[in-house]
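>>> I'd like to go over a predicted model; first the sequence, then the structure.
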Amino acid sequence: MTQNKNMFIAIGLSLAIMIGWQYFYGMPLAEKQRQQAEQQRVLQQAEQAQQQQGAAETQAGGAAVPGGAQPGAAQALGRALTRDQALAATPRVAIDTPRLKGSISLKGGRVDDLSLLDYHETVDPKSPNIVLLAPAGSPHPFYAEFGWTIAPGATVKVPGPDTLWTVASGPLTASSPLVLTYDNGEGLLFKRTYAVDEQYMFTVKDDVENRGGAPVTLYPYALVTRHGLPQTQGFYILHEGMIGVLGDAGLQEITYSKIEDGQPHLYKATGGWLGITDKYWAATVIPDQSSQIDARFSSTTTSNNVRNFQADFLGAGKTVQPGASASSEGRLFAGAKVVAVVDGYQRQYNIDRFDLLIDWGWFYFITKPLFLVIDWIYHLVGNFGVAILIVTVLLKLVFFPLANKSYASMAKMKALQPEMMAIRERYKDDRTKQQQATMELYKKEKVNPVAGCLPILVQIPVFFALYKVLFVTIEMRHAPFFGWIHDLSAPDPTTIFNLFGLIPWNPGSVPVIGAYLMLGAWPLIMGVTMWVQMKLNPAPPDPTQQMIFNWMPVIFTFMLAHFAAGLVIYWAWNNTLSVLQQAVIMRRHGVKIELWDNMRSVFKKKASTKS
C-alpha cells in the first residue's frame, strides 16, 4: 500500500506539473493567436506609420537618439505600400552574402531589407525565404540605423532619415565593404562604411571630417525599430520583444505588452548590446564594448494608432576640432540565432553575455549543456531525432546508480508485500500501530519507501530542459526524424481520427474540439509505453487509485499530442528503457515480474464485466 501511495504521489506530482504547463502555456495560445490574427488584419489595412515622434532625451549631454520612422512615399500616396513598392521607392545598394540577401537604402543609409537564405517559411525548401528586415512604408517595417545626432539647440546639419548618401564603393558582400559619403555643405564630410561577414554580423563605422572653421560636438547612436505589434508565439517560456545585456542591469527582457505604456526604460552601461528578438531571429545593435552608453527601450503611438517599438543607444559626445576628424564603430547582428554562431560572436568580439540572446531560460545550466551534447551527437549521426535517442540512453547511464537504487528499493518493497499485508490484517483496527509496524519493517529490511519517486522526479527537469531545447533552438526547427516526422519541433502531424491520413479529412477543423482530435502516432506510442510501464507494478488496492492509474496514460497521450514530436519521441523511448531497466533489476532481486499478469487482468475484468 505504501509503495503504491508513493508512486501515486510521484505520478500525481508529474501530472500536476504537466497540467500546469498546459494551462499556463497551451490553453492561452489559441485565444492569443486568434486575437493577434485579428490585430494583424487591422494593422495591415491601416496605413503604416511614417513618422515617429521625437524620442525622449537621454542623459548623455542632453542629446537624443532620433526616432526611427519618417515621412515617406506611403504617406504621400495615402496608402500603405507593398514590400516591393517600398523597396523600389528609394535608391539602394545590394547586400549579397552566402547567407543574406537584401539591400541598404541610400536614403537614410539604413539596413532595412534583409532575407535569410538558409531558412524558409515552411519545411518545403521551395517556400519563400524568411524575411527579417523590411523598410518603412512596407506592411511590417523592421530596420536598423546608425549615425550621429546633436544636442538640443545645436544647428549642425547631420545626416538623417531623408539624407541621400553617395556610393563611394559597393555593393556589400562578405569580401567587399560598402562605403557611403555625404557632404553637409557646411564643412562636415561624413563617411559610413558597412562590412559584413559570412554569417550575420555587420560592422558599421561612421567617420566625420571637420573642414569648417568651428568645432562641433556629435553623439554617435544606433537603433533598431519595429513598426506595429508582430505576431508572437504566445508562450510564457519564450521571450519575444525587447532584449539586451546592459552593464549592472544584466539581462533585460521586456515584452511588447510591458512597454506599450509609453514609459521608456533607461540604462547606463559600458558595452553590452540591445535589440529586438523573435523566436528564431533577432536584430541587435552592439556598441564598442569599452564605450559608455545610454541605452533605452521605448515605444510610441503614431497618429493612426500604430505602436512602434525601438531599442537604441547613445554614445558619449565627440568634439571635432577644425581640420580634425572623429569616428565611431558599432555592430549590427541581424539573422538567425544559431547557437554556434552566437557563441562565436561572444568570443570573437568579447560581447558581454551575448549567448543570452537565445532564451535558455532559468535552467540555463541544464538546458544549454543538454543542447550542446545533442548537437555534438547530431554532427556524428546526422539526425537530431537519433541524437535525442542516444542522449536519452546517456542520461539513463548517468542516473543509473540512482535509478538502480530506486528500482532495487521498489523490488524489495514488492518482496515485502506478504509481510505488509499481514501487518495490515493484524492491526486492521489500529491505524497508528499499523504504521509503526510498517516503518519498523522498512527499517529492519533497509527499505526506503519514497525511493520509487526518484526516477520520476529526476526525469521532470530533464523533460523541461529538452522541451526548452526543442522549442527555442533554431537547429531543431524543421529538423526531420524518420517517416512522417519532418519537424521535430512541431507536433506529430498525423491523427488516428482520419486513420493517419487514409481518410481525406482534417479533424483539426472541427470547431472547439478540433485541437484535441489531432492525436498522432507518436503520442499513441508514448501512451502505450507509459501504460506498459505502469502495468509492470501491481495494481493498487484502492479503487480510486486504480482508476487514476488506468486513465493516466490516456490523459498524458492527449496532453503530449500538442507538444513537439521530439519531446514525445524522447518520452516514449525513455519509458521503454525504464521498463527494461526495472524488469532487469526486479529479476536480479528475485521479484516476480507481474507485467503480463497485470495486463491479462485488465482484459479479464473487461470480459467479466461484459458477461
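The structure has been received and is ready for your questions. Numbers count the residues shown, from 1 in each chain.
>>> Tell me which residue lies nearest the centroid of the protein.
Central residue of the chain (CA atoms, centre = their mean): Val472, 3.0 Å from the mean position.
>>> Give the burial count for Gly382, as a bare number.
9 (other CB atoms under 10 Å). (C-beta placed from N, C-alpha, C; glycine too.)
>>> oh, I was asking about Val579
Residues contacting Val579 under the criterion other CB under 10 Å number 18.
>>> now the helices for the stretch 301-450 of the chain?
For the stretch 301-450 of the chain, the helices defined by DSSP state H, counting those that start in this stretch cover 339-349, 364-381, 384-398, 400-415, 417-426, 431-445.
>>> May I see the buried residues of stretch 514-529?
Residues 515, 517-527, 529 are the ones in stretch 514-529 that count as buried (16 or more other CB atoms under 10 Å).
>>> how close does Ile366 get to Ile460?
Distance of Ile366 to Ile460, given as CB to CB, to the nearest Å: 11 Å.
>>> Have a look at the two and say which one is more surrounded.
Higher neighbour count among Ile366 and Ile460: Ile366, with 18 against 14, using other CB under 10 Å.
>>> For the closest residue to Leu132 other than its chain neighbours, give me its contacts.
Nearest residue to Leu132, sequence neighbours excluded (CB to CB, 6 or more residues apart in numbering): Leu114, at 4.8 Å. Under the criterion of CB atoms under 8 Å, 6 or more residues apart in numbering, the contact list for Leu114 reads 95, 100-102, 131-133, 334-335.
>>> which one of these is nearest Gly361?
Closest approach to Gly361 among the contacts of Leu114 (CB to CB): Gly335, at 21.9 Å.
>>> Please list all residues in contact with the closest one.
By CB under 8 Å, 6+ apart, the residues touching Gly335 are 99-100, 114, 116, 132, 199-200, 281-282, 341.
>>> Give me the buried entries from these.
Applying 16+ other CB under 10 Å to the contacts of Gly335 flags 99-100, 114, 116, 132, 199-200, 281-282, 341 as buried.
>>> for the protein, which spans come out with low pLDDT?
1-62, 68-80, 303, 407, 410-411, 414, 448-456, 459, 537-546, 589-611 (pLDDT under 70).
>>> Show me the domain layout of it.
Split into domains by automatic domain parsing, the chain comes to 2-25+369-610, 46-359.
>>> The helices of the stretch 301-450 of the chain into JSON lines, with extra columns for distance to Ala490?
Listed next are these as JSON lines, based on distance: least, CB to CB, whole Å:
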{"stretch": "helix 339-349", "distance to Ala490": "20"}
{"stretch": "helix 364-381", "distance to Ala490": "17"}
{"stretch": "helix 384-398", "distance to Ala490": "13"}
{"stretch": "helix 400-415", "distance to Ala490": "31"}
{"stretch": "helix 417-426", "distance to Ala490": "45"}
{"stretch": "helix 431-445", "distance to Ala490": "47"}
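>>> Which one of those lies nearest to Asp206?
With CB to CB, the closest approach to Asp206 among those belongs to helix 339-349: 17.8 Å.
>>> for the domains of the chain, which one ends up most surrounded?
The highest mean neighbour count among the domains of the chain, using mean count of other CB atoms under 10 Å, belongs to domain 46-359: a mean of 19.
>>> mind listing the helices in the stretch 501-611 of the chain by residue range?
Taking DSSP H, counting those that start in this stretch, the helices of the stretch 501-611 of the chain run over residues 521-535, 543-560, 565-588, 595-610.
>>> now for the third one, which elements pack on it?
Okay, so that is helix 565-588. helix 384-398, helix 400-415, helix 454-472, helix 521-535, helix 543-560 (3 or more CB pairs under 8 Å, 6 or more residues apart in numbering; DSSP states H and E).
>>> Columns distance to Leu188 on top of the ones you listed, output as JSON lines?
Output for the helices and strands packed on helix 565-588, formatted as JSON lines (distance: least, CB to CB, whole Å):
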{"stretch": "helix 384-398", "distance to Leu188": "54"}
{"stretch": "helix 400-415", "distance to Leu188": "69"}
{"stretch": "helix 454-472", "distance to Leu188": "45"}
{"stretch": "helix 521-535", "distance to Leu188": "64"}
{"stretch": "helix 543-560", "distance to Leu188": "63"}
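>>> which one of those lies closest to Asp359?
Distance to Asp359, taken as CB to CB, is lowest for helix 454-472 among these, at 5.1 Å.
>>> before we move on, back to that, of all the helices of the stretch 301-450 of the chain, which one is nearest Thr576?
Of the helices of the stretch 301-450 of the chain, nearest to Thr576 by CB to CB is helix 384-398, at 9.4 Å.
>>> Nearest to Pro220, out of the helices and strands packed on helix 565-588?
If we rank those by CB to CB, the stretch that ends up nearest is helix 454-472, at 32.8 Å.
>>> now for the helices of the stretch 301-450 of the chain, which one comes closest to Leu466?
helix 364-381 (6.5 Å).
>>> And the closest one, what does it pack against?
For helix 364-381, the packing partners by 3+ CB pairs under 8 Å, 6+ apart come out as helix 339-349, helix 384-398, helix 454-472.
>>> want to throw those into JSON lines with distance to Gly361?
Converted to JSON lines, the helices and strands packed on helix 364-381 look like this (distance: least, CB to CB, whole Å):
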{"stretch": "helix 339-349", "distance to Gly361": "14"}
{"stretch": "helix 384-398", "distance to Gly361": "18"}
{"stretch": "helix 454-472", "distance to Gly361": "5"}
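>>> Select, out of the ones you listed, the one closest to Gly67.
When the helices and strands packed on helix 364-381 are compared by CB to CB, helix 339-349 sits nearest Gly67, at 28.1 Å.
>>> Now do the closest one against helix 364-381, angle only.
110 degrees (axes from the mean of the first three to the mean of the last three CA atoms, to 10 degrees).
>>> most distant residue from the middle of the protein?
Distance to the chain centre peaks in the chain at Arg426, reaching 57.7 Å (criterion: CA atoms, centre = their mean).
>>> wait, isn't that one in contact with Gln436?
No. In this structure, Arg426 is not within contact of Gln436 by CB atoms under 8 Å, at 11.8 Å.
>>> Using a markdown table, lay out the helices of the stretch 501-611 of the chain together with distance to Gly361.
Shown next, in a markdown table, are those (distance: least, CB to CB, whole Å):
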| stretch | distance to Gly361 |
| --- | --- |
| helix 521-535 | 24 |
| helix 543-560 | 20 |
| helix 565-588 | 15 |
| helix 595-610 | 37 |
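>>> Which among these is found nearest to Ser169?
Taking CB to CB, helix 565-588 is the member of those nearest to Ser169, at 46.7 Å.
>>> then the closest one to PDB, C-alphas only?
Extracted C-alpha coordinates of helix 565-588, given in PDB (Å, rounded to 0.1, in the frame of the first residue of the first chain):
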ATOM      1  CA  ALA A 565       7.300  15.500 -31.700                       C
ATOM      2  CA  GLY A 566      10.900  15.300 -30.500                       C
ATOM      3  CA  LEU A 567       9.700  15.500 -26.900                       C
ATOM      4  CA  VAL A 568       7.100  12.800 -27.400                       C
ATOM      5  CA  ILE A 569       9.700  10.500 -29.000                       C
ATOM      6  CA  TYR A 570      12.000  11.100 -26.100                       C
ATOM      7  CA  TRP A 571       9.300  10.300 -23.600                       C
ATOM      8  CA  ALA A 572       8.300   7.100 -25.400                       C
ATOM      9  CA  TRP A 573      11.900   5.900 -25.600                       C
ATOM     10  CA  ASN A 574      12.600   6.800 -22.000                       C
ATOM     11  CA  ASN A 575       9.500   4.800 -20.900                       C
ATOM     12  CA  THR A 576      10.800   1.800 -22.900                       C
ATOM     13  CA  LEU A 577      14.200   2.000 -21.400                       C
ATOM     14  CA  SER A 578      12.700   2.400 -17.900                       C
ATOM     15  CA  VAL A 579      10.600  -0.800 -18.400                       C
ATOM     16  CA  LEU A 580      13.600  -2.800 -19.500                       C
ATOM     17  CA  GLN A 581      15.800  -1.400 -16.600                       C
ATOM     18  CA  GLN A 582      13.200  -2.000 -14.000                       C
ATOM     19  CA  ALA A 583      12.500  -5.500 -15.300                       C
ATOM     20  CA  VAL A 584      16.200  -6.500 -15.100                       C
ATOM     21  CA  ILE A 585      16.600  -5.100 -11.600                       C
ATOM     22  CA  MET A 586      13.400  -6.900 -10.400                       C
ATOM     23  CA  ARG A 587      14.700 -10.200 -11.900                       C
ATOM     24  CA  ARG A 588      18.100  -9.700 -10.200                       C
END
